[in-house]
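[1] Any chance you could fold what I've pasted below:
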Amino acid sequence: MHPRHRKNLNVLLPAFAVIGLMFGLVAYAPQLYRIFCGATGYGGTTQRVLTDSATVSSKTVTVAFDSNVAPNLPWRFEPEQRSVTVHLGEQKLVYFTAENLSNESIVAHATFNVTPATSGLYFNKIQCFCFNEERLDPHQKVEMPVVFYVDPEFAKDPDNQHVDTITLSYTLLRSVDPSQSKNLARFRNDAAPDPAHGKQLFAERCNACHAMDSNKTGPKLSGVVGREAGSVAGYHYSPALQNAHLKWSEGNLDRWLASPKDFVPGVRMPVRVLDAPSRRDIIAYLEQVTKAPTNKSQHSAEGGEY
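    Numbers count the residues shown, from 1 in each chain. Take a look at the predicted model:
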């Protein structure tokens, strides 16, 4: 065989093997394929994270939004703004509007990606309607929050050096199996507080640092509503919170969850909940919890605190 042909074959065989692996994952193990895409950013797949970026860069990137609806889904779906410019590492809240134009309740789910595909590994979503199967009742209209940031490492990737715009695209599809759907009405500002939704959000956003009945990275939270800030025995609070002299009323909890470091400068709390309906439901869950606390104690310099 000619050396040039042998060299080409050495390149093509691994490429075909990778392509075959991808088709195999899609056909026989879709969950593994989604995990692979999420871990690598393959095909512009975005990442799912729970907390803010540790740093914010002076560099900026424009994020544009694209929305599409499958032909068999009678919904109107569009971003409230076509683009935003963000600093790398800056957490950003944007909204998409969805409206059910039919006379029946319908469940949909979203597929998504970013372009260029090389940005997928650095595009981090903290909150998104695309995480769930979502239901809209007849003629219901809802603003759906998306919270994201672009990792500062994006600027260090040679493949992204000349990228100044990332496009986040969604396509809404009608769900075949709506049994696990959630009602999008939970995002309405006038909706009643939903402790069940708050419990889910607590598990997703708070549980890594907080428990109800014992101190973890953050202090235990049973009985937090109405409690003096910085008062849990056995937990090492930051001086800022120890000297804040405030009680955890609903209003103070709302301000705290929205931006802890703006509300009490100098605290360690790394998590923010930018949309008001989600804060409302987390607080409703905290109010509902009445389990008597225990006195186990652990602490860390990096955790959230109440």
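[2] CA atoms only: put stretch 221-237 into PDB for me.
    C-alpha atoms of stretch 221-237 as PDB (Å, rounded to 0.1, in the frame of the first residue of the first chain):
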ATOM      1  CA  LEU A 221     -32.400  25.400  57.900                       C
ATOM      2  CA  SER A 222     -35.300  23.900  59.900                       C
ATOM      3  CA  GLY A 223     -37.000  26.800  61.700                       C
ATOM      4  CA  VAL A 224     -35.100  29.400  59.600                       C
ATOM      5  CA  VAL A 225     -38.100  31.600  58.900                       C
ATOM      6  CA  GLY A 226     -38.300  34.000  61.800                       C
ATOM      7  CA  ARG A 227     -34.900  33.000  63.200                       C
ATOM      8  CA  GLU A 228     -32.100  35.500  64.000                       C
ATOM      9  CA  ALA A 229     -29.500  35.400  61.300                       C
ATOM     10  CA  GLY A 230     -26.200  33.700  62.200                       C
ATOM     11  CA  SER A 231     -27.600  32.100  65.300                       C
ATOM     12  CA  VAL A 232     -27.400  28.300  64.700                       C
ATOM     13  CA  ALA A 233     -25.300  26.700  67.500                       C
ATOM     14  CA  GLY A 234     -22.100  25.000  66.300                       C
ATOM     15  CA  TYR A 235     -21.900  26.700  62.900                       C
ATOM     16  CA  HIS A 236     -19.000  29.000  62.100                       C
ATOM     17  CA  TYR A 237     -20.600  32.000  60.400                       C
END
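[3] Of all the residues in it, which ones are buried?
    By 16 or more other CB atoms under 10 Å, the buried positions in stretch 221-237 come out as Leu221, Ser222, Gly223, Val224, Val225, Arg227, Ala229, Gly230, Val232, Tyr235, Tyr237. C-beta coordinates here come from the backbone N, C-alpha and C atoms, glycine included.
[4] If I look at the fifth one, what pLDDT would I see?
    Note for Val225: predicted pLDDT of 92.
[5] Including secondary structure and distance to Pro260, could the buried residues of stretch 221-237 go into TSV?
    Listed next are those as TSV, based on DSSP: H, G, I helix; E, B strand; the rest coil; distance: CB to CB, whole Å:
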residue	secondary structure	distance to Pro260
Leu221	coil	14
Ser222	coil	20
Gly223	coil	19
Val224	coil	14
Val225	coil	17
Arg227	coil	16
Ala229	coil	11
Gly230	coil	13
Val232	coil	16
Tyr235	coil	16
Tyr237	coil	13
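[6] I'd like to know how far Asp177 sits from Thr111.
    The gap separating Asp177 from Thr111 is 16 Å, by CB to CB, to the nearest Å.
[7] of these two, who's got more company?
    Thr111 (12 against 9; other CB atoms under 10 Å).
[8] Tell me how far stretch 187-200 lies from the chain's centre.
    With CA atoms, centre = their mean, to the nearest Å as the basis, stretch 187-200 stands 17 Å off its chain's centre.
[9] tell me which residues in that stretch are buried?
    Those would be Phe187, Ala191, Pro193, Asp194, Pro195, His197, Gly198, Lys199, Gln200, for stretch 187-200 by 16+ other CB under 10 Å.
[10] For the second one, which non-adjacent residue is closest in space?
    Okay, so that is Ala191. Ala185 (5.6 Å; CB to CB, 6 or more residues apart in numbering).
[11] quick one: the strands in this protein?
    Using DSSP state E, the strands found in the chain span residues 47-48, 60-69, 75-79, 83-87, 92-100, 106-115, 123-127, 134-136, 141-150, 165-174, 182-183.
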